[in-house]
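Asks: Provided below for reference: sequence and predicted model.
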Amino acid sequence: MDGVIVDSLKHHVEASRLFAERHGIQLSGKEIRDKYFGRRNQDWMPELFGDKLTMEEMKILADEKEAVFREIFEPDIRLMDGLLELLQDLKEHHIPMIVGSSAPGENIAFVLEKTGVASFFKGYLDDSRVSNGKPDPEIYIKSAEAIGLPPEKCVVIEDSPAGIESGKRAGAKVIGITTTQPREKLPPTDLTIDSFYELSYQKIRELFSENNS
């Protein structure tokens, strides 16, 4: 979702910086982008606060950080350029779609509601639905199960190296988008795009042709 449906990197970075500052911790934007972005809160917060955090304490901290994010992101929230057209194209061809994200459910519901695209998706899987965060393939294996398809028949669209690795390890085709990372920093994908205007139902079908399988 983050970096694919919406361009939220700078807002996550600022929310993480403000959140850490409230707790007496100074984090640079580069440190947040390189070490924490795209990971589940429960995976990176122990690195920040120590591994003696209880699950209850971690949830309180995570809820606080995500509330800051939603507050500062709401005035700026909008879909990635070209995404609405792609969603409409895929819907017309009866392609089932689901959101698989490391984000908490509150954030996913917030983004889908505010951008008006919830009806395009069969639902979403959030950080509470998996035991292992990206780059583990669990999120995308379960996403495929949720729409009734094997991962090999699915396409994952990702902006982060960990997410791309997760999709590939699940056995899906993976399209990388250069929202948060330049092409040279992304792992190998089946297709890399700079904008959703470059993507269509037909372009995605071509990934499954004999020459690309």
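Replies: Ah, there it is.
Asks: For the protein, which segments count as helices?
Replies: Taking DSSP state H, the helices of the chain run over residues 9-22, 29-35, 41-49, 55-73, 83-92, 105-115, 138-146, 161-170, 201-206.
Asks: in the longest one, what counts as buried?
Replies: Spelled out, it's helix 55-73. Neighbour-count burial for helix 55-73, counted by 16 or more other Cβ atoms under 10 Å, picks out Leu61, Ala62, Lys65, Glu66, Val68, Phe69, Arg70, Ile72, Phe73. Bear in mind the C-beta positions are built from the backbone N, C-alpha and C, glycine included.
Asks: Where does the prediction get shaky in the chain?
Replies: Counting by pLDDT under 70, the ranges of the chain that qualify are 38, 210-213.
Asks: neighbours of Lys35, just the number please.
Replies: Neighbour count of Lys35, defined by other Cβ atoms under 10 Å: 12.
Asks: roughly how far apart are it and Ile139?
Replies: Distance, Lys35 to Ile139, by Cβ to Cβ, to the nearest Å: 20 Å.
Asks: Quick check: beta-bridge partners of Asp2?
Replies: Note on Asp2: beta-bridge partners by DSSP bridges are Val6.
Asks: Please look at it and Ser101 and confirm they touch.
Replies: Yes. With contact defined as Cβ atoms under 8 Å, Asp2 counts as touching Ser101 (7.0 Å).
Asks: wait, isn't Gly133 in contact with Asn41?
Replies: No. The criterion here is Cβ under 8 Å, and Gly133 misses it with Asn41 at 9.5 Å.
Asks: Of these two, give the one with the bigger neighbour count.
Replies: Neighbour count, other Cβ under 10 Å: between Gly133 and Asn41, Asn41 has more, with 22 against 19.
Asks: what's the span of stretch 1-9, first residue to last?
Replies: Length of stretch 1-9, first residue to last, Cα to Cα, to the nearest Å: 11 Å.
Asks: Go through it and flag the buried ones.
Replies: For stretch 1-9, the neighbour count (16+ other Cβ under 10 Å) marks Met1, Asp2, Gly3, Val4, Ile5, Val6, Asp7, Ser8, Leu9 as buried.
Asks: swap in stretch 193-209?
Replies: Ile193, Phe196, Leu199, Ser200, Ile204.
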